[in-house]
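Participant: output the structure for:
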Amino acid sequence: MAFHILPLLLFSLLSLQSIHSSPTPSTQDPELVVQEVQRSINNSTRRKLGYLSCGTGNPVDDCWRCDPNWEKNRQRLADCAIGFGKNAMGGRDGKIYTVTDASDDDPVNPKPGTLRYAVIQNEPLWIIFQRDMVIKLKEELIMNSYKTIDGRGASVHIAGGPCITIQYVTNVIVHGIHVHDCKSGGNAYVRDSPEHYGWRTVSDGDGVSIFGASHVWVDHCSLSNCNDGLIDAIHGSTSITISNNYMTHHDKVMLLGHSDALLSDKAMQVTIAFNHFGEGLIQRMPRCRHGYFHVVNNDYTHWEMYAIGGSADPTINSQGNRFLAPDDRFSKEVTKREDTSEDEWKNWNWRSEGDMMLNGAFFTPSGVGASSSYAKASSLGARPSSLVGSITLSAGVLSCKKGSVC
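Facilitator: Residues are numbered from 1 along each chain as shown. Okay, here's the model as predicted:
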């Protein structure tokens with residue numbers, strides 16, 4: 001069968017190209033939409049990697065999930081990233097480290113075998129888990145560069161205490177972890193490398209805090225009910241992809257950009273793709289400042305106030321998303337400009353292309369729809385919004401069994 005792979009890949013790539021150039025769902029015949037979905041599921045492939053599609057229609061998942069030996073090829077995941085964080089290699093080039101101990105008794109002198117001990121090491125590490133575990137951290141989990149936290153094959157919860165901090169480091173991947181009920185920590189010493197520990201002031205209680213970091217990929221995590229944000233990226237962080245996550249039961253979901261006054265966030269580029277924003281969410285999916293944000297092929301099924309907001313002239317490129325508005329007639333608008341007059345925000349570049357608006361949802365665009373600034377807010381080809389249901393079907397933590405397709 002090997003001699004058939006190249007023609008099939010070429011055919012699939014041609015099929016994807018036709019999908020990208022197809023009209024928006026509102027102008028398509030329903031039967032053509034059904035055919036398009038089936039064609040995408042049958043033919044979706046992933047760049048130069050050798051596997052044929054498993055039929056998910058999701059380009060990240062189709063890169064690795066069809067391999068029944070994924071557990072022996074874990075580090076292949078690092079080659080599957082998309083968007084602005086696609087070069088985040090994590091611990092791809094290092095050893096695999098297995099967490100055997102769920103405790104976190106001493107944030108200054110962590111025990112070998114614990115998650116904290118693994119993430120502070122200087123060398124690249126691909127961190128996996130021996131068994132199911134709930135890790136209640138005593139203080140923030142301060143990560144070092146070139147680390148992957150890979151929860152596949154186990155049910156791993158970081159919950160009930162401070163959670164993950166990615167601060168002034170680079171090349172971090174967080175995949176397949178339940179992150180919930182995160183609390184503030186601080187006023188304590190915490191180690192961030194084998195050579196250094198320092199005093200930490202009070203933390204916000206984010207699920208994942210990205211602070212002055214770059215090349216970060218958060219994928220297939222399930223996040224809910226944290227003290228502050230589920231995922232926040234601030235203070236000049238950039239080259240970030242947030243994909244395939246399932247977010248529920250939270251108020252201020254995602255903050256991208258620290259404050260209107262902090263100009264270092266002007267260089268921020270973030271891709272938000274294939275996520276499911278689910279029940280119990282209120283606002284900030286995301287709330288943006290200054291930078292460039294590509295919001296693509298996400299499924300928004302719940303919000304109470306708004307879905308996408310911002311201030312300080314961010315560029316927001318919304319493409320191929322599905323927005324289901326709440327029944328409240330005062331909350332139909334997808335967008336919100338924070339504390340800004342229309343005279344000011346009318347020049348901000350916010351656009352909606354191929355988004356599906358349901359139950360009265362509407363997106364208020366602004367600026368120049370075809371502005372060249374969108375080049376900095378474009379990171380992958382959007383699929384039609386009619387495919388969002390199948391693309392996001394497996395958002396959140398996957399149930400991966402060793403020895404079988406995940």
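Participant: what's near enough to touch Asn171?
Facilitator: Neighbouring residues of Asn171 by C-beta atoms under 8 Å, 6 or more residues apart in numbering: 88-90, 145-147, 215-216. All C-beta spots, glycine's among them, are computed from the backbone N, C-alpha and C.
Participant: so where is the stretch 151-300 of the chain shaky, pLDDT-wise?
Facilitator: Across the stretch 151-300 of the chain, nothing is flagged by pLDDT under 70.
Participant: what's the per-residue pLDDT of the nearest residue to Ile82 once chain neighbours are set aside here?
Facilitator: The shortest distance from Ile82 to any non-neighbouring residue, by C-beta to C-beta, 6 or more residues apart in numbering, is to Leu380 (5.2 Å). Looking at Leu380, its pLDDT is 95.
Participant: tell me, how many residues neighbour Leu380?
Facilitator: 19 (other C-beta atoms under 10 Å).
Participant: show me what contacts Thr241?
Facilitator: For Thr241, the contact set (C-beta under 8 Å, 6+ apart) comprises 81-86, 88, 216-219, 270-271, 273, 379.
Participant: so the residue nearest to Ile82 makes contact with Ala81?
Facilitator: No - counting by C-beta atoms under 8 Å, Leu380 stays clear of Ala81, with 10.4 Å between them.
Participant: for the helix or strand hosting Cys63, C-alpha coordinates in PDB please.
Facilitator: Cys63 belongs to helix 61-64 when assigned by DSSP states H and E. What follows is helix 61-64 as a C-alpha-only set of coordinates in PDB (Å, rounded to 0.1, in the frame of the first residue of the first chain):
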ATOM      1  CA  ASP A  61      -5.000  15.800  15.500                       C
ATOM      2  CA  ASP A  62      -4.600  14.300  12.100                       C
ATOM      3  CA  CYS A  63      -0.800  14.900  12.500                       C
ATOM      4  CA  TRP A  64      -0.500  12.300  15.400                       C
END
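Participant: average pLDDT for it?
Facilitator: On average, helix 61-64 scores 94.
Participant: in whatever helix or strand comes next after that helix, what's buried?
Facilitator: Note on helix 61-64: by DSSP H and E, the next helix or strand toward the C-terminus is strand 95-99. Buried residues in strand 95-99, counted by 16 or more other C-beta atoms under 10 Å: 97, 99.
Participant: average model confidence for strand 95-99?
Facilitator: In this model, strand 95-99 carries a mean pLDDT of 98.
Participant: list the neighbouring strands of that strand plus their orientation.
Facilitator: If you go by DSSP bridges, strand 95-99 pairs up with strand 125-129 (parallel).
Participant: show me how far the partner strand is from its chain's centre.
Facilitator: 19 Å (C-alpha atoms, centre = their mean, to the nearest Å).
Participant: check stretch 394-406 too.
Facilitator: 17 Å.
Participant: again, but for stretch 162-180
Facilitator: That offset, for stretch 162-180, works out to 11 Å (C-alpha atoms, centre = their mean).
Participant: end-to-end on that stretch?
Facilitator: Chord length of stretch 162-180, first to last residue, is 10 Å (C-alpha to C-alpha, to the nearest Å).
Participant: got phi/psi on the residue nearest to Glu71 when sequence neighbours are not counted?
Facilitator: In space, and not counting its chain neighbours, Glu71 is closest to Lys402: 4.7 Å by C-beta to C-beta, 6+ apart. Here is the backbone geometry of Lys402 (degrees, to the nearest 10): phi -60, psi 140.
Participant: look up how far Tyr97 lies from Lys402.
Facilitator: Going from Lys402 to Tyr97 by C-beta to C-beta, to the nearest Å gives 18 Å.
Participant: ok, Arg200 next?
Facilitator: From Arg200 over to Tyr97 (counting by C-beta to C-beta), the distance is 24 Å.
Participant: now do Phe84
Facilitator: If you go by C-beta to C-beta, the gap between Phe84 and Tyr97 works out to 27 Å.
Participant: what about the helices in this protein?
Facilitator: Applying DSSP state H to the chain gives helices spanning 5-20, 30-43, 61-64, 115-119, 342-345, 388-391.
Participant: now for the residue lying closest to Ala267 once chain neighbours are set aside: which residues touch it?
Facilitator: Using C-beta to C-beta, 6+ apart and skipping residues adjacent in sequence, the residue nearest Ala267 is Thr238, 5.4 Å away. Residues near Thr238 by C-beta under 8 Å, 6+ apart: 84, 214, 267-270, 291.
Participant: go again using 10 Å as the cut-off
Facilitator: 84-85, 210, 212-216, 264-270, 291-292 (C-beta atoms under 10 Å, 6 or more residues apart in numbering).
Participant: narrow the residues you listed to just the buried residues.
Facilitator: Going by neighbour count (16+ other C-beta under 10 Å), the contacts of Thr238 have 84-85, 210, 212-216, 264-266, 268-270, 291-292 buried.
Participant: state the distance from the nearest residue to Thr364 once chain neighbours are set aside to Asn347.
Facilitator: Spatial nearest neighbour of Thr364, excluding adjacent residues (C-beta to C-beta, 6+ apart): Thr335 at 4.9 Å. Using C-beta to C-beta, Thr335 is found at 15 Å from Asn347.
Participant: neighbour count: those two, which is higher?
Facilitator: Legend: neighbour count by other C-beta under 10 Å for Thr335 and Asn347, higher for Thr335 (20 against 11).
Participant: kindly state the pLDDT recorded for that one?
Facilitator: Value for Thr335, per-residue pLDDT: 98.
Participant: now it, which residues is it bridged with?
Facilitator: With DSSP bridges as the rule, Thr335 is bridged to Ile308.
Participant: list the contacts of it.
Facilitator: 306-310, 316, 318, 323, 345, 350, 352, 362-366 are the contacts of Thr335 under C-beta under 10 Å, 6+ apart.
Participant: in strands only, show me these.
Facilitator: Counting by DSSP state E, the contacts of Thr335 place 308-310, 316, 318, 323, 350, 352 in strands.
Participant: which pair in those spans the largest distance?
Facilitator: For these, the maximum inter-member distance is 16.2 Å, found between Gly310 and Phe323 (C-beta to C-beta).
Participant: who has more neighbours out of these two?
Facilitator: Taking neighbours as other C-beta under 10 Å, Gly310 and Phe323 compare with Phe323 leading, 29 against 26.
Participant: and stretch 310-322, how far apart are its ends?
Facilitator: The first-to-last residue distance of stretch 310-322 comes to 19 Å (C-alpha to C-alpha).
Participant: what's the answer for stretch 233-243, then?
Facilitator: 14 Å.
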